[in-house]
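A.B. asks: build the 3D model from these lines:
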Amino acid sequence: MSKGNKLALITIVIIAGIVVLSQSFYIVDETQQVVITQFGRPIGDAVTEPGLKFKTPFVQEANFFEKRYMEWDGDPNQIPTKEKKFIFVDSYARWHITDPLQFYKRLTDERGAQSRLDDIIDGETRDQVASHSLEEVVRNTNRKADTTAKISVMIEDSLAQIEVGRKRIQNIIQEKANEETKDLGIEIVDFRFKRINYVEDVRERVYDRMKSERIRIADKFRSEGEGEASRINGEKERELSQIQSAAYKEAETIKGKADAEATRIYAEAYNKSSRSVELYSFVKSMETFVNTFDTSTTVILSTDSDLYKYLKSME
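C.D. replies: You can find the predicted model right below:
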């Protein structure tokens, strides 16, 4: 064999060895798990530990599956509630593979799992939404009203009482779906309603009902406000009358005391000045004599006249 043929043969052997080695070993990442199949049939247990692994080349095949949580995103569906109100429900879930070997036997790959989850989760969602009222699907619990705010109490009174609530319905859907997926090697770890909305024809009726309810609450507040205003005005008038009456009584009391004091002062002043008044009268009479008579004037007086009395008193 020539040297060139030997070199070609060695090259072929090396390449064949590399191919055989590449088919004999595989690497498992931390985020992966592997099922080994031989002629399309799984053999042995699933490989879940990371590292460099060995398999029979060309005969066996490594099937890699995700170990982390995966997303399921449902399509919005039109579903009737218990009271036959049609709503659009958009939901999502998170799931992971718990048994890779069973997963491969039942679903083959992640695409098959997504298709199976569509049937299971959508079906359970439809069943649970149809078994509960719209309020139960939308709300979680009964609202706790602030007792100091009348508006909160009134709104709470207008709301239906919640027995189950959205959170519990979500948990029920997740539990029911897991009952159907436990033999598929997968587990749903979370389920949520992403969005809930009315269909168009129902939405208008609901909006009208909401507006009428708020109008009723506004009318009630307006009525209570008018009643409170009347009560306040009545109290204001009553208090004003009481204040005016008390003020008038106080004014009359003060006035009466003032009149009594003035009378007392007048009486004392009159008693003290009676002699001064008499002297004043005499002086004024004398001034009248001086201004009226002179030395040539002859006067005839009656004994009853005041002037005669003053002259008589001077003797």
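
A.B. asks: so residue 27 bridges to which residues?
C.D. replies: Residue 27 has the following beta-bridge partners by DSSP bridges: residue 52.

A.B. asks: that one - how many residues pack around it?
C.D. replies: Neighbourhood size, residue 27 [other CB atoms under 10 Å]: 12. Every residue, glycine included, has its C-beta placed from N, CA and C.

A.B. asks: and what of residue 238?
C.D. replies: Counted with other CB under 10 Å, residues neighbouring residue 238 total 10.

A.B. asks: kindly report the same for residue 36.
C.D. replies: 21.

A.B. asks: and residue 246, how far is that from residue 88?
C.D. replies: Distance of residue 246 to residue 88, given as CB to CB, to the nearest Å: 70 Å.

A.B. asks: who has more neighbours, those two?
C.D. replies: residue 88 (14 against 10).

A.B. asks: can you report phi and psi for the more buried one?
C.D. replies: In terms of degrees, to the nearest 10, the main-chain angles of residue 88 are phi -90, psi 130.

A.B. asks: tell me the bridge partners for it.
C.D. replies: Beta-bridge partners for residue 88, by DSSP bridges, are residue 78, residue 197.

A.B. asks: for the stretch 1-150 of the chain, what spans make up the helices?
C.D. replies: Counting by DSSP state H, counting those that start in this stretch, one finds helices in the stretch 1-150 of the chain at the ranges 3-24, 100-107, 110-130, 134-138, 150-157.

A.B. asks: cool, the stretch 201-315 of the chain as well?
C.D. replies: Applying DSSP H, counting those that start in this stretch to the stretch 201-315 of the chain gives helices spanning 274-292, 306-313.

A.B. asks: what's the neighbour count on residue 32?
C.D. replies: Burial of residue 32 is recorded as 17 neighbouring residues (other CB under 10 Å).

A.B. asks: could you check how far it is from residue 47?
C.D. replies: From residue 32 to residue 47 the distance is 9 Å (CB to CB).

A.B. asks: do residue 28 as well
C.D. replies: From residue 28 to residue 47 the distance is 6 Å (CB to CB).

A.B. asks: shared neighbours of those two, which are they?
C.D. replies: Shared contacts of residue 28 and residue 47 (CB atoms under 8 Å, 6 or more residues apart in numbering): 34, 53.

A.B. asks: without its sequence neighbours, what residue ends up closest to residue 24?
C.D. replies: Nearest non-adjacent residue to residue 24, counting by CB to CB, 6 or more residues apart in numbering: residue 57, 4.5 Å away.

A.B. asks: please apply the same query to residue 61.
C.D. replies: Closest residue to residue 61 apart from its sequence neighbours, by CB to CB, 6+ apart: residue 37 at 5.2 Å.

A.B. asks: can you pull the pLDDT of the one you found?
C.D. replies: Looking at residue 37, its pLDDT is 92.

A.B. asks: can you count the residues close to it?
C.D. replies: Look at residue 37: counted by other CB under 10 Å, it has 17 neighbours.
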